[in-house]
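**Q** compute the structure for the input listed below.
(2 chains)
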Amino acid sequence: MAQVRLEGVSKSFGDIEAVSDVDLTVEDGEFFVLLGPSGCGKTTTLRMIAGLERPSEGTIYFDDADVTDDEPAERDISMVFQNYALYPHKTVRENLAFPLSLSRRDYSSEEIDSETERVAELLEITDQLDKHPKNLSGGQQQRVALGRAMIREPMAFLMDEPLSNLDAKLRIQMRSELKRLHRKLGVTTVYVTHDQTEAMSLADRICVLNDGRVQQVGTPHEVFSRPRNTWIAGFIGDPPMNFLHGLLERSDGEVFVAGDAFRYRVPPDVVEELDAREVAEDVTLGIRPRDLEVVEDPGQDTFPATVLTVEPTGERSILTAEVDGREIKIETEPREFMGMQGETISVHPQKTYYYDEADQLATVSSAEGDVVEAVEVTDKHVEEVRKDGDT
Amino acid sequence: MSTERLESLAKRFGFHFLENPRQILVVLGIGLVLLWILLPVYWTLAISMRTTEEIFGSPDLLLNPASLNFENYRILWPVEDQQVANFSRFIVNSAIIATLNAVLTTVLAVPAAYAFRLGVGYSKHIFFWILTNRMAPPAAFLLPMFLLTSELNIIGTHWGLAIVYLIFNLPLAIWLVYGIIKAIPEEIDEAVYVDGGNDFTVLKEVIVPLSKPGIAVSFLLVWLFAWNHYAFTLMLSDDSTMTITQGIAQFFTTVGTSWNLMAAGTMLSMLPGLVLAAIVQKHIVTGLTFGAVKA
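**A** Numbers count the residues shown, from 1 in each chain, chains lettered A, B, ... in the order given. Coordinates of the predicted model:
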């Protein structure tokens, strides 16, 4: 097990820079998720950690050893591929035993047998040991791929979208199993996914990547509750966060964000924060659909919206409405809103995010629960969970 | 044959003549192709079982089972050394040369094809250049090869011919095997690297086992090319290493041609190839790579 550290790592393919200047530290024993849309450089980053790609620039360390120029075999890592990449001509048993047979440590055949059995038991594939991969279901192939990675005690597990080929039900099941395995084994894990739910539920910390650049690194809660820029805010959360552009206006000691067709009074604690940060007058107001409430009476804390569509999904309804020429989404309880298409309603944001001209998060209104405190609680929680896993 | 009989027979083979007239054309086409391929073989067989008089008389199209005559084969396969032509030795010579060449070709072609898949420096250009070896007719290499093999003192040996045949067999085998290897997903290579292996481990543990069917086909083709080759053997073999192709050509002389012996020799020369094809066919099991990587 090791800490994995990337310093100023970049990778170009021809003229295209897939990864630019990434600095990351994955702590020993941590479950670290690289999250981003396709083409964001997350897989390339993982492949550089594995040694399957060589960085164009920068250095990769395992603990304090520079492994930048080491071959994958020298790095002592194991990897689960998106397509599993099982050896089709080998049985499950041979697939599992293969890393041991290549290991620099000489394993006796008894040791190899007992290790294979141990891993097969752990993953509940003992019945499948003499089958070939093509005779296994997707979920079983997945387990074999995991088993092949787990049979050694590597410096780190690297996983490239390992659940993306499974059906939805199995994916959720394997997700909790992965979490259980990680707690049990405590091996540093770097996990690549484009699925934010997967990232949120598995990660100790998430690194959000876009266009080959690190956007934000933090616990799932931090990334969700304090997205550093509008891109992350729009990427994390479903439906995505709504954004409204406006100018800060001051009158009678109050501060408003005003667009062409709305004027929203900024809560006082936010004003303090905005002033402290000397935010210029151009701001972007971010509101998550679930933080929007449809209210009876228009007021200074609300703005008008024209309903475009209503999509009931059972547990909730998603309203699409127009505010100031932009579409926004509003999440409501189905019984809360019985309105009509084309109707103008008043919406009240319960929690608002403020982004400055440079697209950086200036502050978050703390009307509903103190965000800063919540983050600390989450970190402590993670620590406790990890301690539980150790004992 | 009655129409019903024909119809039921046709149905058994999946043809529905009367329902689908297009099938008639298909069957006719297949029949023509079979005739094209098999008639000469049959005719050679027929000649090989007849005497010279019968051949130049007015032979029946069909062989008469009562007058089958293996005399020609007996002459070719004599006991002791009193022979017209020692075909047993020719066959052994040809088999040694073809097998040596096929083994050499395969041993060189598989790692070469793998290296091209790895994309080792300038491999694109070298890959194409290799193919250019086949662009000239083999006879173009005759003279240089004669000089080369005599300089190297391997002229008239089995090794000499086995090595010379690499000129045209190696490019063919590399291209064939490359086609197979290319289809193996590179993720499997990467799995080997991550599991602690290097390029040689990949070659041994993944490439060779997974491309066995392709390698077998390539081995068979290369072997047949070497077996059938004639021009080089004329210049590069001596009495002790004379091949079967030369043995057959012996009957074509200035004095006259022994068509029946030639036909018998030709029939004999077909047998080893058929046997080898039958053996190799068992290994040509496709679908091994299915399930390796989920599509």
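**Q** could you list the residues of chain A in contact with chain B?
**A** By Cβ under 8 Å from any Cβ of the partner chain, the residues of chain A that approach chain B are A:50-52, A:71-73, A:76-79, A:81, A:83-89, A:98-99, A:102-104, A:132-136, A:138, A:141, A:148, A:158, A:165. From N, CA and C alone the C-beta is placed, and that goes for glycine too.
**Q** among the residues you listed, which are in strands?
**A** A:77, A:78, A:79, A:158 (DSSP state E).
**Q** of all these, which comes closest to chain B?
**A** Proximity of those to chain B was ranked by Cβ to the nearest Cβ; the top entry is residue A:79 with 4.5 Å.
**Q** quick check: beta-bridge partners of that closest one?
**A** residue A:158 (DSSP bridges).
**Q** show me what contacts it?
**A** The contact partners of residue A:79, taken as Cβ atoms under 8 Å, 6 or more residues apart in numbering or on different chains, are A:50, A:149, A:157, A:158, A:159, A:160, B:190, B:191, B:194.
**Q** just among those, which is most surrounded?
**A** Top of these by neighbour number is residue B:191, holding 31 neighbours under the definition other Cβ atoms under 10 Å in any protein chain shown.
**Q** just flag the most distant two among the ones in strands among the residues of chain A next to chain B.
**A** Farthest pair in these (Cβ to Cβ) is A:78 and A:158. Separation: 7.2 Å.
**Q** quick check: residue A:324 touching residue A:262?
**A** Yes: Residue A:324 lies in contact with residue A:262 (Cβ atoms under 8 Å); the separation is 5.4 Å.
**Q** which residues do the two both contact?
**A** Common neighbours of residue A:324 and residue A:262 (criterion: Cβ under 8 Å, 6+ apart): residue A:244.
**Q** filter the residues of chain A next to chain B to the buried ones?
**A** The neighbour count (16 or more other Cβ atoms under 10 Å in any protein chain shown) marks A:50-52, A:72-73, A:76-79, A:81, A:83-89, A:98-99, A:102-103, A:132-133, A:136, A:141, A:148, A:158, A:165 as buried among the residues of chain A next to chain B.
**Q** inside helices: which ones of those residues?
**A** Taking DSSP state H as the definition of helices, those contribute A:50, A:72, A:73, A:98, A:99, A:102, A:141, A:148.
**Q** next up, the contacts around the residue of the stretch 151-300 of chain A found nearest chain B.
**A** Chain B sits closest to residue A:165 of the stretch 151-300 of chain A, with a gap of 5.1 Å, by Cβ to the nearest Cβ. Under the criterion of Cβ under 8 Å, 6+ apart, the contact list for residue A:165 reads A:82, A:83, A:84, A:138, A:142, B:294.
**Q** and the furthest pair within those residues?
**A** Once Cβ to Cβ is applied, those give A:82 and A:138 as the farthest pair, at 12.1 Å.
**Q** which sections of chain A are below the confidence cut-off?
**A** A:335-339, A:366-391 (pLDDT under 70).
**Q** mind doing that once more with 80?
**A** Scanning chain A for pLDDT under 80 picks out A:1, A:104, A:253, A:299-300, A:334-341, A:366-391.
**Q** for chain B, give me its nearest residue in it.
**A** For chain A, Cβ to the nearest Cβ, closest residue to chain B: residue A:134, 2.5 Å.
**Q** isn't that residue right up against residue A:90?
**A** No: using Cβ under 8 Å, residue A:134 is not in contact with residue A:90; the gap is 11.3 Å.
**Q** tell me the buried residues in stretch B:108-120?
**A** Quick answer for stretch B:108-120 (16+ other Cβ under 10 Å): B:109, B:110, B:111, B:112, B:113, B:114, B:115, B:116, B:117.
**Q** what's the closest of the contacts of residue A:165 to residue A:331?
**A** Set against residue A:331, the nearest of the contacts of residue A:165 by Cβ to Cβ is residue A:82 (32.1 Å).
**Q** surely that closest one meets residue A:164?
**A** Yes: the criterion here is Cβ under 8 Å, and residue A:82 meets it with residue A:164 at 6.0 Å.
**Q** neighbour-wise, which of these two wins?
**A** Shown here are residue A:82 and residue A:164; by other Cβ under 10 Å, residue A:82 has more neighbours (19 against 15).
**Q** which one is that one nearest to, not counting chain neighbours?
**A** Once flanking residues are discounted, residue A:82 sits nearest to residue A:161: 4.4 Å by Cβ to Cβ, 6 or more residues apart in numbering or on different chains.
**Q** quick check: phi and psi at that neighbour.
**A** Note on residue A:161: backbone dihedrals following degrees, to the nearest 10 are phi 40, psi 50.
**Q** OK, contacts around it?
**A** For residue A:161, the contacting residues are A:43, A:82, A:192, A:193, A:194, by Cβ under 8 Å, 6+ apart.
**Q** before we move on, what about residue A:54?
**A** By Cβ under 8 Å, 6+ apart, the contact list for residue A:54 reads A:48, A:68, A:69.
**Q** give the contact list for residue B:20.
**A** Neighbours of residue B:20 in contact, by Cβ under 8 Å, 6+ apart: none.
**Q** any idea how far the closest residue to chain A within the stretch 1-150 of chain B is from residue B:198?
**A** Per Cβ to the nearest Cβ, residue B:118 is where the stretch 1-150 of chain B lies closest to chain A, at 13.2 Å. Between residue B:118 and residue B:198 the computed distance is 11 Å (Cβ to Cβ, to the nearest Å).
**Q** and for residue B:191?
**A** Using Cβ to Cβ, we find residue B:191 at a distance of 13 Å from residue B:198.
**Q** tally of neighbours for residue B:103?
**A** As a burial measure, residue B:103 scores 14 neighbours (other Cβ under 10 Å).
**Q** three-state assignment of it?
**A** helix (DSSP: H, G, I helix; E, B strand; the rest coil).
**Q** and it, how close does it get to residue B:217?
**A** 15 Å.
**Q** repeat that for residue B:31.
**A** The value you get for residue B:31 to residue B:217, if Cβ to Cβ is used, is 27 Å.
**Q** which neighbours do residue A:78 and residue A:158 share?
**A** Shared contacts of residue A:78 and residue A:158, defined by Cβ under 8 Å, 6+ apart, comprise residue B:194.
**Q** of the buried residues of stretch B:108-120, which belong to helices?
**A** Among the buried residues of stretch B:108-120, the members found in helices (DSSP H) are B:109, B:110, B:111, B:112, B:113, B:114, B:115, B:116, B:117.
**Q** wait, the last one touches residue B:180, no?
**A** No: proximity of residue B:117 to residue B:180 does not meet the contact threshold set by Cβ under 8 Å, at 10.0 Å.
**Q** just give the nearest non-adjacent residue to residue 257, would you?
**A** I went with chain A, as the question did not name one. Beyond its immediate neighbours in the sequence, the residue positioned closest to residue A:257 (Cβ to Cβ, 6+ apart) is residue A:246, lying 4.0 Å away.
**Q** correction: the question concerned chain B.
**A** Spatially, and ignoring its direct neighbours in sequence, residue B:257 is nearest to residue B:251 (6.1 Å; Cβ to Cβ, 6+ apart).
**Q** then residue A:353?
**A** Closest residue in space to residue A:353, ignoring its immediate chain neighbours: residue A:286 at 3.6 Å, by Cβ to Cβ, 6+ apart.
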